[in-house]
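1. Sequence first, predicted coordinates after that:
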Amino acid sequence: MISQQAALNVGSNTENDPKYKSETDARMAAAADIALRIHEARRSPIGLYKLLFTDEEGQPIVIKWFHEEWNDMILKNRCCLIEASRETTKTSFILAAVLWIIGRNRNIRIKLLTETEKNAKKRLAFLHEVIDKSVLYHMVFPQVRKDKNPKKSDTTTCLHLVRDVDSPEPTIEVCGVESAGTGGRADLIIMDDIVGESNTIKNPAKKPKIIQKVLNDWLGTLVAKGRVWCIFSPWAKDDCNAYLKKNMTDWAYRKYAHGKPGNPYFSIFPERWPEEVLKNRRRWFGALVYARMYLCELVSDIINTVKPEHLRSYSQQNLTREKLIKAHAIVSFDPSSGRKLTTGKLDYLGVAVLLYIDHTHMEDAIRVQQGLPKFEIFIPEAFQVKLPTIQQAIFAWQLVRQWSAQTLLVESQGMQSLSDWLDDQKSKDETLNAEIYPVPVGSQSKGDRLLSITPVLGPIEGDPPWVYFHPQVVTDSPAPKVIRLADGSEHEILHDLREQILAFPMPPHDDIMDAVVQGIKWILFNLAPGANPNEGTGSEGKGGGLSFIAI
C-alpha cells in the first residue's frame, strides 16, 4: 500500500516537474487570452468577428484596416453605406455585427434584406447555427437564448430570442428585397447586396421598382431612431444602391476598392487577393466586369460587355494554310429544346464552326516573337437557320465532313430530341468518327455565359488576340443567304452574331451567340492550356477548367 507520505511526495514531485509547469503555464496563458478576446468581443463587433470567424481553411481571419473602419462606421452612425469590392468578407463581417448587436440588446427588431429570399435564408441559417452550437458565443453573451414558444416556430425566415418583454415580432426577420414582408416595425434594417444580376441585368425594368420598394416599404418600417446598415458591390448607375448614395446625403458612406492611380491591380487585401490573382481575374472576366467587381467602378450599361473591336475579323495572314491543317475543328449546335417542335413550329438552330490551334509546341521565345498566344480560335461559320429535326442531324454530319471536325457539340436540352437522328445518320456512314458531346447549360444564365468568355474576346492589354471571326460572321450589315443540304433542300440562314452579342439581351433571338459561347467554353474547359486563371495561385480554382466563375 502507498503511505500518506509517499502520496504527498508524488504530488510534490509533479508540481516541481518542468513539463508540468510548462503545461500549466500554457493553459493559464490560453485561458487569459480567451478571457481577453471574450472581453473584446463584448465591446465591439470586430472583436466578436475575430473570436468566432475563420477563413475557408479554418485559419484565423485576417483583419484589415477597412474592417476596422466598418466597425467604427456602424457604431458611430445611425445609417451607413459601405461599398466594397467583391469578396472582401462584407457579409461575414455584417453577420458578426448582427450576432453582436442581438447579444447587446435581445429586445431589438432586425430586418435583414438580400437580393433573394433564398440568400436571406442562408444567412439566417448561419446565425441559427452559431447560436445553437457555438460555446464561445455563449461565453460572450450567455443571456442569448432562443424562444421555444411553439407559436414562434418559423426558423427559416425568423429568429426569436427570449426577451425582457414578450413580443410577437421576431428578433430577426430575413426577406428578399422584393418580398411582401410581414409588416411590423424595425429598429435596424440591414441591406446585404440587395442589388444583383436578377434585378438589374436580367430584368432592368425592376431597378426603379426596387428603389420604391426600399423607400416605401422597408424604410417605412423603421422606427424614429432606427438604424440602417447597407453593404454592397456596384452594379448599375441607376440601381437602388446608386440611388441611396446620391440621395441619402445624411448617411455615412465609404468606398473600398482595389486599384490605385496607375495600377488597377493594387490590392487592398493582398492576403486574399494578391496582384497576380487580380490580373488573372481581369484576363478572365474582361475589363468591364473587372472594373465593376474589383475596382467598384459603375458601368453605364454592363450588358454591353463585348465591345465591337472584340469581334475582330481574320484574313489569310491570320489563318494560314499551315494553321488550318493542324486545327482541331469543332461543330457547335444550339437546337431548340423541342417545345415548339411539338406544336408543329420550327425554331432557330444556332450553328458555329470553331477551329482551335494550339501553339504550346513552340518555344515561348519564338511564339512571343511571332506575336502568338498559347492558342487561337478561328470561327469561320456562325449563323442561325430553321430546320426540322431530321434535317438538323443531316446538316450536323454535313458540317462534320466539310470541316473534318473531330468534335460535335449539342446543347443537352436540344440533344434530347436530336440524339436518335444523329445516331441514325452516323450508323449509315462509318467515316463519321467525330465524338458527340451533349453540353449541359448548368445554372449559369445566358448573361453569365457571355460574361465568362469576354476575356478571350478582349484579352488584357499587351496580350495578342485569341479569337478571330470570318468577316461575314461579324459583318454589321448581314444579308440573308441560302445553304443547300445533302438531301438537296435549300434553307435561308442569317448572320446576326454581331447584333446578338453587342445588343444582348435585347434581340429577340440569341441562338448564334449561344452556339459560339458554347463552343468557346468547351474549348477552354477541354483543350486550351492554362485556361484556369487561378492555376498555381492557391486560389479557389480547382482542376483544369473554369468552375470558379461566380458572377
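-> That came in fine, so what should we check first?

2. For the closest residue to H470 other than its chain neighbours, grab the count of nearby residues.
-> Using Cβ to Cβ, 6 or more residues apart in numbering and skipping residues adjacent in sequence, the residue nearest H470 is P380, 4.6 Å away. Using the backbone N, CA and C atoms, a C-beta is placed for each residue, glycine as well. P380 has 18 neighbours, counted by other Cβ atoms under 10 Å.

3. Let's see the distance spanning stretch 52-70 from one end to the other.
-> 17 Å (Cα to Cα, to the nearest Å).

4. average pLDDT across that stretch?
-> For stretch 52-70, mean pLDDT is 90.

5. how distant is that stretch from the center of its chain?
-> Offset of stretch 52-70 from its chain centre (Cα atoms, centre = their mean, to the nearest Å): 21 Å.

6. same check, this time on stretch 158-172
-> 35 Å.

7. Any chance you could list what contacts it?
-> 98, 102, 106-112, 124, 127-128, 131, 144-147, 149, 152, 173-174, 184-185 (Cβ atoms under 8 Å, 6 or more residues apart in numbering).

8. Repeat that for stretch 418-432.
-> So stretch 418-432 is contacted by 333, 335, 389-390, 392-394, 396-397, 400-401, 408, 410, 436, 438 (Cβ under 8 Å, 6+ apart).

9. let's go with 7 Å and repeat that
-> Stretch 418-432 has contacts (Cβ atoms under 7 Å, 6 or more residues apart in numbering) with P335, T389, I390, Q392, A393, I394, A396, W397, V400, V410, I436.

10. How about the secondary structure of S315?
-> Secondary structure, DSSP: H, G, I helix; E, B strand; the rest coil: S315 is coil.

11. Distance check, it against H470.
-> The gap separating S315 from H470 is 10 Å, by Cβ to Cβ, to the nearest Å.

12. And those two? Which one has more around it.
-> A direct count of neighbours by other Cβ under 10 Å for S315 and H470 places H470 higher, at 18 against 10.

13. rewinding a little: from the contacts of stretch 418-432, keep the buried residues only.
-> P335, T389, Q392, A393, I394, A396, W397, V400, V410, I436 (16 or more other Cβ atoms under 10 Å).

14. Pretty sure V385 sits in a strand.
-> Yes - applying three-state DSSP, one finds V385 inside a strand.

15. can you pull the contacts of it?
-> Y348, L349, V351, I483, H491, I493.

16. now, the most widely separated pair of those?
-> Maximum pairwise distance among the contacts of V385 (Cβ to Cβ): 13.8 Å, between Y348 and I483.

17. Please say which of those two ends up with more neighbours.
-> Between Y348 and I483, Y348 has the larger neighbour count (other Cβ under 10 Å), namely 23 against 17.

18. Against E363, how distant is that one?
-> Applying Cβ to Cβ to Y348 and E363 gives a distance of 45 Å.

19. Could you pull up phi and psi at A84?
-> Phi and psi for A84, reported as degrees, to the nearest 10, are phi -150, psi 160.

20. what's the neighbour count on the residue lying closest to it once chain neighbours are set aside?
-> Nearest in space to A84, with sequence neighbours left out and distances taken as Cβ to Cβ, 6+ apart, is Y256 at 4.2 Å. By other Cβ under 10 Å, the residues close to Y256 number 19.

21. Spit out the contact partners of Y256.
-> With contacts defined as Cβ under 7 Å, 6+ apart, the neighbours of Y256 are F66, A84, S85, T88, I268.

22. Can you give me the pLDDT of it?
-> Model confidence at Y256 (pLDDT) stands at 96.

23. Which pLDDT value belongs to T24?
-> Looking at T24, its pLDDT reads 67.

24. likewise V174?
-> Listed pLDDT for V174 reads 94.

25. ok, back up a step: among the contacts of V385, which are in helices?
-> Counting by DSSP state H, none of the members of these fall within helices.

26. Compute the distance between the residue nearest to A84 and W273, please.
-> For Y256 relative to W273 (Cβ to Cβ), the value is 12 Å.

27. hey, which helix or strand in the protein has the poorest pLDDT?
-> Of all helical and strand segments in the chain, the minimum by mean pLDDT, DSSP states H and E falls on helix 4-16, at a mean of 50.

28. Quick check: closest non-adjacent residue to E376.
-> Nearest residue to E376 in three dimensions, chain neighbours excluded: I357, at 4.7 Å (Cβ to Cβ, 6+ apart).

29. Report the separation between L324 and Q316.
-> The gap separating L324 from Q316 is 10 Å, by Cβ to Cβ.

30. ok, these two, which is more surrounded?
-> Counting neighbours by other Cβ under 10 Å for L324 and for Q316 shows that L324 has the greater number, 14 against 7.

31. contacting residues for the more buried one?
-> Contacts of L324 (Cβ under 7 Å, 6+ apart): none.

32. if we go to 8 Å?
-> Neighbouring residues of L324 by Cβ under 8 Å, 6+ apart: L355.

33. got it, and R86?
-> Neighbouring residues of R86 by Cβ under 8 Å, 6+ apart: S233, M293, Y294.

34. Tell me which of the residues you listed fall in helices.
-> Secondary structure defined by DSSP H assigns M293, Y294 of those to helices.

35. now the contacts of R86 as a markdown table including pLDDT and distance to T116?
-> Converted to a markdown table, the contacts of R86 look like this (pLDDT from 0 to 100; distance: Cβ to Cβ, whole Å):
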| residue | pLDDT | distance to T116 |
| --- | --- | --- |
| S233 | 93 | 16 |
| M293 | 88 | 19 |
| Y294 | 92 | 23 |
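
36. would you turn the contacts of R86 into CSV with distance to I38 and neighbour count?
-> Below are these laid out as CSV (distance: Cβ to Cβ, whole Å; neighbours: other Cβ atoms under 10 Å):
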residue, distance to I38, neighbour count
S233, 33, 20
M293, 37, 21
Y294, 36, 25
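
37. Export the buried ones among the contacts of stretch 418-432 as CSV, with columns for distance to T320, pLDDT and secondary structure.
-> Compiled in CSV, the buried ones among the contacts of stretch 418-432 are given as follows (distance: Cβ to Cβ, whole Å; pLDDT from 0 to 100; DSSP: H, G, I helix; E, B strand; the rest coil):
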residue, distance to T320, pLDDT, secondary structure
P335, 33, 88, coil
T389, 38, 87, helix
Q392, 32, 90, helix
A393, 33, 89, helix
I394, 32, 89, helix
A396, 28, 92, helix
W397, 28, 91, helix
V400, 23, 93, helix
V410, 30, 91, strand
I436, 30, 90, strand
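
38. JSON lines please, covering the contacts of stretch 418-432 and showing distance to L524.
-> Shown next, in JSON lines, are these (distance: Cβ to Cβ, whole Å):
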{"residue": "P335", "distance to L524": "22"}
{"residue": "T389", "distance to L524": "29"}
{"residue": "I390", "distance to L524": "32"}
{"residue": "Q392", "distance to L524": "26"}
{"residue": "A393", "distance to L524": "27"}
{"residue": "I394", "distance to L524": "30"}
{"residue": "A396", "distance to L524": "22"}
{"residue": "W397", "distance to L524": "25"}
{"residue": "V400", "distance to L524": "22"}
{"residue": "V410", "distance to L524": "18"}
{"residue": "I436", "distance to L524": "20"}
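
39. which one of these is nearest N71?
-> N71 lies nearest to V410 out of those, by Cβ to Cβ, at 53.2 Å.
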